[in-house]
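Colleague: Sequence first, then the predicted structure, then my questions.
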Amino acid sequence: MGHKIAEAIIENGQIKYVNKKLPIGRIKVHLIYDAVEETAPEIEVANMVRETSGIYKDIDVEAESRKLRTSWERGVHN
């Protein structure tokens, strides 16, 4: 099974916008959404990076968590 990404806006549980035409018929989806109002505390972000960084040798968890937080929050306050 392949994966394709469609950007969508959902308001009050209803789809208001999709950036491309979706296929006809029934499709199985995996929703991952940005919770703009919610941000993880910096310590929680550091722990997430630490838990998932086992394949990288000598990773700087604090620096990586700062980069993650910056990318997540880019443009939120505009």
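Modeller: Cool, got the structure. Remember, predicted model here, so these are calculated numbers, not experimental data.
Colleague: Flag every buried residue along the top helix by length along the chain.
Modeller: When the chain is parsed with DSSP state H, its longest helix is helix 61-73. Neighbour-count burial for helix 61-73, counted by 16 or more other C-beta atoms under 10 Å, picks out V61, E64, S65, R69. For every residue, glycine as well, the C-beta is placed using N, CA and C.
Colleague: how about the residues you listed in JSON lines, adding distance to P23 and pLDDT?
Modeller: Below are the buried residues of helix 61-73 laid out as JSON lines (distance: C-beta to C-beta, whole Å; pLDDT from 0 to 100):
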{"residue": "V61", "distance to P23": "41", "pLDDT": "73"}
{"residue": "E64", "distance to P23": "37", "pLDDT": "79"}
{"residue": "S65", "distance to P23": "37", "pLDDT": "79"}
{"residue": "R69", "distance to P23": "35", "pLDDT": "77"}
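Colleague: The helix or strand bottoming out on mean pLDDT in the chain packs against which elements?
Modeller: In the chain, the helix or strand scored least confidently by mean pLDDT, DSSP states H and E is helix 42-52, which has a mean of 74. Packed against helix 42-52 by the contact rule (3 or more C-beta pairs under 8 Å, 6 or more residues apart in numbering; DSSP states H and E) you find helix 61-73.
Colleague: Can I get the helix it packs on in CSV? Just the C-alpha atoms.
Modeller: Taking only C-alpha atoms (Å, rounded to 0.1, in the frame of the first residue of the first chain), the coordinates of helix 61-73 have been written out as CSV:
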residue,chain,number,x,y,z
VAL,A,61,19.1,16.1,22.6
GLU,A,62,18.6,19.7,23.7
ALA,A,63,19.8,21.1,20.3
GLU,A,64,17.6,18.7,18.4
SER,A,65,14.6,19.5,20.5
ARG,A,66,15.1,23.2,19.9
LYS,A,67,15.2,22.6,16.2
LEU,A,68,12.0,20.5,16.4
ARG,A,69,10.2,23.1,18.4
THR,A,70,11.3,25.9,16.0
SER,A,71,10.0,23.9,13.0
TRP,A,72,6.7,23.1,14.7
GLU,A,73,6.0,26.7,15.7
